[in-house]
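Student: whatever this is, show me its structure:
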Amino acid sequence: MPDISPQYETVLEGGKHWSYTARRGSLLRLVDREGGANLAMLFYNPHNPLERYNAPDTLKCQHTFKLTRGHCLYSDMGRIFCSIVGDTLGWHDTVAGNTTKAMVAARWGQKTYQDHRNDWTQNGHDAFLVEAGKYGLGRRDLAANVNWFSKVAVAEDGTMIFDAAHSSAGSSVDLRFEMDTLVLMHSCPHPMNPTAEYPRKTRGPGIPSGRSGRCG
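Tutor: This next block holds a predicted model:
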């Protein structure tokens, strides 16, 4: 991707969440600032939130298990939310799902915001719910999510294997939105992350300017 002056930039620290509406034709560049990032995303049609990201259809119609440059992310109505037009990694997970409160507590201990403030151990499920609630969406509206910067491969016996060293500092992925899209995201740990301490890697999403053509 060519260098483009961004309209907006922000840094999302580990264990945080954010959302915004991406306009058709806009570009979103995601950067793993420190290495080892996980940035989970869900997509909705802001004009009809019943239309949302469909992970099974996205994989089946493109005959793939992973996401990388050249792939598109489809809605459950067969339309394209966004296309991956740049990728320095070559593999992003959309099958392993999301962390829950119980999962995070069992693996890293339960730290509440009331007691630990910004050092609390947020989980992906609740992070999505907080952002979804801002748009009148709730638990029943959540779906299988994308995990950018994370790699989950499958062994010959069907075992899913998480690659903890997959993403290095400076890794990036560029998304071009083919329709107006409500984007929910969080930087909570990947559900298969084996690290002993709750990971708090920072991610830097930005919205570069410019318009481009449609994915075929």
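
Student: ok, the residue nearest to Thr64 when sequence neighbours are not counted - how many residues close by?
Tutor: In this structure, Thr64 finds its nearest non-sequential neighbour in His71, 6.5 Å apart by C-beta to C-beta, 6 or more residues apart in numbering. Quick note: C-beta positions are derived from backbone N, CA and C, even for glycine. Neighbour count of His71, defined by other C-beta atoms under 10 Å: 20.

Student: for the longest helix seen in the chain, packing partners?
Tutor: Determined from DSSP state H, the single longest helix within the chain is helix 124-133. Helix 124-133 sits against strand 17-22, strand 39-45, strand 181-186, with contacts defined as 3 or more C-beta pairs under 8 Å, 6 or more residues apart in numbering; DSSP states H and E.

Student: rerun at 6 Å
Tutor: Helices and strands touching helix 124-133, by 3 or more C-beta pairs under 6 Å, 6 or more residues apart in numbering; DSSP states H and E, are strand 17-22, strand 181-186.

Student: quick one: closest of those to His125.
Tutor: Among the helices and strands packed on helix 124-133, the nearest to His125 by C-beta to C-beta is strand 181-186 (9.2 Å).

Student: that closest one: how far from the chain's middle?
Tutor: Taking C-alpha atoms, centre = their mean, to the nearest Å, one finds strand 181-186 lying 8 Å from the centre of the chain it belongs to.

Student: just checking: what are the partner strands of it?
Tutor: If you go by DSSP bridges, strand 181-186 pairs up with strand 17-22 (antiparallel), strand 39-45 (antiparallel).

Student: no further questions, thank you.
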